[in-house]
Every structure is written in structure tokens, then in C-alpha cells.
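K.L.:
sequence and predicted structure, then a few things I'm wondering about:
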Amino acid sequence: MASNRRRPPRRRIWPKIRLLLLVCVVAAGATALYPVWKAANPDPPELVVRYRTDTPATAAAAKPSLEVINDSKKPLPLSELTLRYYFTADGDSTYAFNCVQAAAGCSNIAGTVKKLDTPSTDADHYLELRFTEDAGTLEPGANSKGIDVQLFRADHKKLKQSNDRSFDADKTTYKESKTVTAYKRGVLTWGDEPDGGGEKGASAKSAAAPDPLPAAPPGVLFDNFAYVGAKDPALFKHGWLVRSSKGGPGIDDTWSADGVTFPAEKDALGDGQVLNLRAATDGTASGTTQASLGTARREFRDGTYAARVHFSDDPTEGRSGDHVNQTFYTIGGSGKTYSELDNEYMPNGGWGRLGPKLDTVSWYSHEQNDRVYATTHKSLAGWHTMMITVEDDVVTYRMDGKKLFSSSGKYAPRAGMSINFNHWFVDLPFKGDRAWDMRVDWLYYNADSVLSAKEVDAAVEKYSDNGMNYFDTVQEKR
């Protein structure tokens, strides 16, 4: 039987087709316009970086103080963040960084200075700050509080900051700064990059996440002496004391901060800076200055002490012949707990004994001159890794990995000690101006392990490569 159905009129289909076409056109337009709308209506930032400074445009060091605010609804581990402060380098000097103080702890902050491959008009370098996992986590709405750092020329000439992208002399209190950028796992999260973009000319918006920054190992003190000078606040915040007190050894009452400097040194770890201790004289007590730097704390006892030290056989200025003492030593306790371990290099000898010589000395009583020692009779001019290890009441002295001397029994430390570097005159044998320099590249102390020279060298190179100029986790364990 034939069907009585009729085909729907064609005029009923066309309105539907026209509506569908209209929807497609509107959708295409919306898609095309979305980037424009999105640019005008961005998502709220996950974090905010605020900045302040108290330095003028010309200064010995840039002193940016930064804080990060978590504006998201999720916890923000600081270890996932990278901050960049942009500047224009003055001259060809290398630049150095140190952390003065931070709520997250300077031991948990690393800094490296990097060059933009494609510089902009107001930036050709940047200071990059990163955080270890021990820096902690910002909860939603939390503030990191101040991260106070210093950026300075290794030759210690003044900076011209007026052409530095991230510098703003008007921001003397914390204010938002888009010229400091922040990255979360390698992705730009805050701020505006310079026109040149990031490293290798590529924008960090799409950069791969950097490898995690390892946490500072427990029970270790490390410092490579990246400081502005003897009055650098970071030097004291990091537990160092520049001696200016009265007394001996050497020429009494001649200890001066003038002899403590931190010059650039091409042979230093990471082409950085060194501690320089200058002993200078004109041959009279009133015209003499001696130099010393030591830790304020006296809690170092067992473990590994190591320092890379440059001994000098000749004065930097003037005639040779002085009985100078270039010393890396520890000292602490008193009376029945007195403890002292010495490395004393005397290029011209002293106390009636000829040089050049290195005395390695373990003390029991200074008042009774009760000590044991060994002497290495040869010139040590140049760089050496000096080590003292203390384990099970046995003290061993090494130089460049070679054993020099061991002591034990009552000559082992009986108290916590400070760590010190001294440069002083035993006596003043003649008149005339002269100056002697002793340099120290880095200090390493491990309270928990006795290490070899190779293990120490590998550790400090790793710290330097990661921008970890200083950390102290010894106090945290005690």
C-alpha cells in the first residue's frame, strides 16, 4: 500500500540552516576576539612580588629587598620559585651577591648573576634567586616577609643604578614591582621581562623547569666570602667577627678592621672573591696593623675543618724579612677545657727558628706551654687546602690531602671552639713600610663527618655551581 506521508516543505529547513550558520559565525568571532578580551581581563596572578630599597642611584651595592605574597588558593612551596632582578652592568667587573637576612633563612637562598644573550636598553644581566626545599611553603594569602640581598661589583667600585631595570629609588617601602619577575616551575608567573627575554634570547615564559635546588646538608658551615667589606651587615649576620680588640698575639693592641677586605680573585672558587688579611707596619708598634676574622660562635669541635688558603713568602709592598704568622686555627674553652688547634705558616721563621715553615700544633695548656706539634720545613707560597679532622679524640692535620701530623689523648679538643684566620707580626726587626697579604678562598666545616680532601673539594664546587655562597646548618643541629 502506498504511503500517504508527505515530505516537509523545504522552507522549514532553511531557517534552521541559517541559525546554525549564524551560531558558527558568532563562535568564530568570539574565538578570534578571545585573546584580545583575555589580555584586557587576565586571570588574577598566583603570586605578587613587592620590592623596596634604601640606596641612592649611585651606591657601593644594590640592596633590593623582596617579598612574595601567595595570591592563589593553594600552598606555594618556595622551592618552586625563581626570582629575577634585572640590571645593566657597569664596566667589565664581575658581580657578586650575598643574602643579608631573610625569614626563609639565608642558608636556604642561592643567587647567581647571569648575562642576557639579548640585552635590552635597561638590562643586560640579572640576579637570579632560588630557594631550597627547606625554605618552606607559603600558605594561601601568606607573605614570605623580607628577602634582603646585596648585589655589588667584585672590584668594589660604586654602582650606577639609574639605568637598572629593576631599581626604583622611589620605592622605599614595599610596593608591587613588575620589573622583578617570578617563575613557578620555569613558567613566568609575575612581572614583565625585558625586551631581550631570558637566557639564550628565549623568553622564560616557555622555559623548562630548573632542576630542584638541593637543600643545604645538615651540620655544615660553608662560606666563600662574597662580602662588600669589613662592615658588610651580611658578614655579621653570618656569624663572623672582625677583630679590633686589644691584646695579642703579635704586636699588642694593633688589631684593625682596615686589614680585612674581600677583593676579586681570578683563582678563587667560581672566579669570585676571597678574604684578604693584611698585616702592615712601618716598623713601629704605633704604625702596625694586624688582621683577624673569626666566628662569633664557639661550638665547633668534632668533624672536618677545611679552608683553601694562599700563603705568602714575600710582602706585597716593601722589604721582606718580617717574622709574620699566617694562621688558620680553632680555639675555645679555658682552664681544664682549653682547646686550640693551629696551622701556622711563617715564611721567614720566628721565635729563633728558621723558615719557611708550617707548624701544626695541638694544645693542652697555653699557660704551661703544654703542646705537641710537627713542622713542615719548606716554602708553601701559593694556594693550599688546609684540613684538620677530629674524630674519637684523634686530631689529624692535612695539606692538599697529604697527612702532616696527628695528636690524640689529652691534646684532643675538650670544648667547643671558634674558627679563625689571623695574620700578625711576631716582632718588628727593622724600620720601613711593608705590607703582607694572606688570602682565604673558602671555609668548610662538617660537624658529622671526617672527609677526604677530594670529598671536600667536590662538595664546595657543587655549592658554588648552585650559587650557594653561604649556609650554616650547624646551629640548627645543636
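P.N.:
Great, that's in hand.
K.L.:
CA atoms only: put stretch 258-278 into CSV for me.
P.N.:
As requested, the backbone C-alpha atoms of stretch 258-278 are provided in CSV (Å, rounded to 0.1, in the frame of the first residue of the first chain):
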residue,chain,number,x,y,z
ASP,A,258,91.3,48.1,57.9
GLY,A,259,93.2,44.9,57.1
VAL,A,260,90.1,42.9,56.3
THR,A,261,89.0,43.1,52.7
PHE,A,262,87.2,40.9,50.1
PRO,A,263,88.9,41.5,46.7
ALA,A,264,88.1,39.8,43.4
GLU,A,265,90.5,36.9,42.7
LYS,A,266,90.8,35.2,39.4
ASP,A,267,91.9,32.0,41.1
ALA,A,268,89.0,31.9,43.6
LEU,A,269,86.2,29.4,43.5
GLY,A,270,83.8,30.4,40.8
ASP,A,271,86.0,33.4,39.8
GLY,A,272,84.7,35.2,42.8
GLN,A,273,86.1,36.8,45.8
VAL,A,274,88.5,36.0,48.7
LEU,A,275,89.0,37.1,52.2
ASN,A,276,92.3,39.1,52.4
LEU,A,277,94.0,39.7,55.7
ARG,A,278,96.7,42.4,55.5
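K.L.:
tell me the bridge partners for Gly382.
P.N.:
Each beta-bridge partner of Gly382 is listed here: Phe311, as defined by DSSP bridges.
K.L.:
so it touches Phe311, yeah?
P.N.:
Yes: shown here, Gly382 and Phe311 form a contact pair, counting by Cβ atoms under 8 Å, at 7.0 Å. For glycine as for every other residue, the C-beta is placed from the backbone atoms N, C-alpha and C.
K.L.:
more neighbours, the two?
P.N.:
Using other Cβ atoms under 10 Å, the more surrounded residue of Gly382 and Phe311 is Phe311, with 21 against 11.
K.L.:
what's the spacing between the more buried one and Phe421?
P.N.:
Using Cβ to Cβ, to the nearest Å, one gets 12 Å for the distance from Phe311 to Phe421.
K.L.:
shared neighbours of those two, anything?
P.N.:
Counting by Cβ atoms under 8 Å, 6 or more residues apart in numbering, the common neighbours of Phe311 and Phe421 are Met438.
K.L.:
skipping adjacent residues, who's closest to Thr254 in space?
P.N.:
Closest residue to Thr254 apart from its sequence neighbours, by Cβ to Cβ, 6 or more residues apart in numbering: Thr288 at 4.5 Å.
K.L.:
wouldn't that neighbour be in contact with Asp258 here?
P.N.:
No: checked against Cβ under 8 Å, the pair Thr288 and Asp258 is beyond contact range at 11.4 Å.
K.L.:
these two - which one has more neighbours?
P.N.:
Summary of the neighbour comparison: Thr288 and Asp258, criterion other Cβ under 10 Å, with Thr288 having more neighbours (20 against 13).
K.L.:
can you give me phi and psi for the more buried one?
P.N.:
Backbone torsions of Thr288, given as degrees, to the nearest 10, read phi -110, psi 140.
K.L.:
which residues touch it?
P.N.:
Each residue near Thr288 by Cβ under 8 Å, 6+ apart is listed here: 251, 254, 279-282, 425, 428.
K.L.:
what's the PyMOL line that selects buried ones from those?
P.N.:
PyMOL command restricting these to the buried ones, with burial defined by 16 or more other Cβ atoms under 10 Å:
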select buried, resi 251+254+279+280+281+425+428
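K.L.:
which one of the contacts of Thr288 is nearest to Leu235?
P.N.:
Set against Leu235, the nearest of those by Cβ to Cβ is Ala279 (19.7 Å).
K.L.:
quick one: which of the contacts of Thr288 sit in strands?
P.N.:
In this view, these that belong to strands under DSSP state E are 279-281, 425.
K.L.:
max pairwise distance over those: which two?
P.N.:
Spatially, the most separated pair among the ones in strands among the contacts of Thr288 is Ala280 and Phe425, at 9.4 Å (Cβ to Cβ).
K.L.:
quick one, strands of the stretch 101-250 of the chain?
P.N.:
Per DSSP state E, counting those that start in this stretch, the stretch 101-250 of the chain carries strands over the ranges 109-120, 123-131, 137-138, 147-153, 159-160, 175-176, 180-184, 187-190, 220-223, 240-242.
K.L.:
quick one, what contacts Pro140?
P.N.:
The neighbours of Pro140, taking Cβ under 8 Å, 6+ apart as the test, are 70, 72-75.
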